[in-house]
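Asker: generate coordinates for the sequence data below:
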Amino acid sequence: MYPRMKLFLSSLCLLAGVLATAQIENPTGTVQFEASETTSNDDPSGFELPAVKTPSLSNPDTPSKYDYLGDTKEEKLDITKGDGLLEYKTDTAPKYFTKDKAVTKEIGGDQHLGDVRTKSGIVSILYRDHEYVDGDNIRVFVNEDIVQSNVMMSGSFGGIHITLESGFNRIEFLALNQGTSGPNTAELHVYDEHGKLISAKEWNLLTGDKATIVIVKE
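Answerer: Residues are numbered from 1 along each chain as shown. Prediction:
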């Protein structure tokens, strides 16, 4: 019995020594695994994190107002609706569609548009078709000299600048025709050299009649 007991105690001491040595080499008591330096995406093993997508700044569910897909309907501009700031009148005929006044007994013969006095050395004579723009033509005289032989008046002002002589300056407008509607009609404006309106008149002439204005340079 004694030899067997001695052998058992020897084996027990040897086992205790081995365990003590293992405890010293690995004091934490955890098992360490050697990491592998090679990985394979084709055959992943262990835990695999899902792929992370790059965030987008646009929302695919909200169509951009600059993207026009499919059939789009263009909104037409309607100037009669206005913008709430001005009142638009749609029942007024434009100047080009307004006929001249009918020829009456009062219309006919030459017309005197008055005398104007000014100290300006130069005046601007501006005229335009006053009623329906229908091709009224005139000839312009200054002190009996023809300065414009044949002018077709439009809906916009046009005219001449005149260097005045001392005293009386006679400007005449001869109606060459009556256009296609009514008499030969015009609106006349006279401005001094400072741009001040010094006369505003109208005429209604039959073919061959004249309208005359006298400008007196003081």
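Asker: just say helix, strand or coil for residue 8.
Answerer: Assigned with DSSP: H, G, I helix; E, B strand; the rest coil, residue 8 falls in the helix class.
Asker: number of nearby residues for it?
Answerer: As a burial measure, residue 8 scores 10 neighbours (other Cβ atoms under 10 Å). C-beta: built from backbone N, CA, C; applies to glycine.
Asker: next, the contact list for it, please.
Answerer: Residues counted as contacts of residue 8 (Cβ atoms under 8 Å, 6 or more residues apart in numbering): none.
Asker: that one and residue 170, how far apart?
Answerer: Distance of residue 8 to residue 170, computed by Cβ to Cβ, to the nearest Å: 156 Å.
Asker: again, but for residue 215
Answerer: Distance of residue 215 to residue 170, computed by Cβ to Cβ: 8 Å.
Asker: residue 107 should be in a helix, yeah?
Answerer: No: with three-state DSSP as the criterion, residue 107 is located in coil rather than a helix.
Asker: my guess is it contacts residue 185, does it?
Answerer: No: counting by Cβ atoms under 8 Å, residue 107 stays clear of residue 185, with 9.5 Å between them.
Asker: the more surrounded of those two?
Answerer: Taking neighbours as other Cβ under 10 Å, residue 107 and residue 185 compare with residue 185 leading, 25 against 19.
Asker: so residue 215 and residue 170 - more neighbours on which side?
Answerer: Neighbour tally, residue 215 and residue 170, criterion other Cβ under 10 Å: the higher count belongs to residue 215, 25 against 13.
Asker: and the helices in the protein?
Answerer: Ranges of helices in the chain, per DSSP state H, are 2-25.
Asker: so, low pLDDT: which residues of it?
Answerer: Applying pLDDT under 70 to the chain flags the ranges 1-7, 13, 15-106.
Asker: for it, which segments are assigned as strands?
Answerer: In the chain, the strands defined using DSSP state E lie at 111-118, 122-128, 137-142, 145-152, 158-163, 167-175, 184-191, 197-205, 210-217.
Asker: residue 213 pairs with what?
Answerer: Residues in a beta bridge with residue 213, per DSSP bridges, are residue 171.
Asker: quick one, what contacts it?
Answerer: Listed by Cβ under 8 Å, 6+ apart, the contact set of residue 213 reads 112-116, 171, 188, 190, 199, 201.
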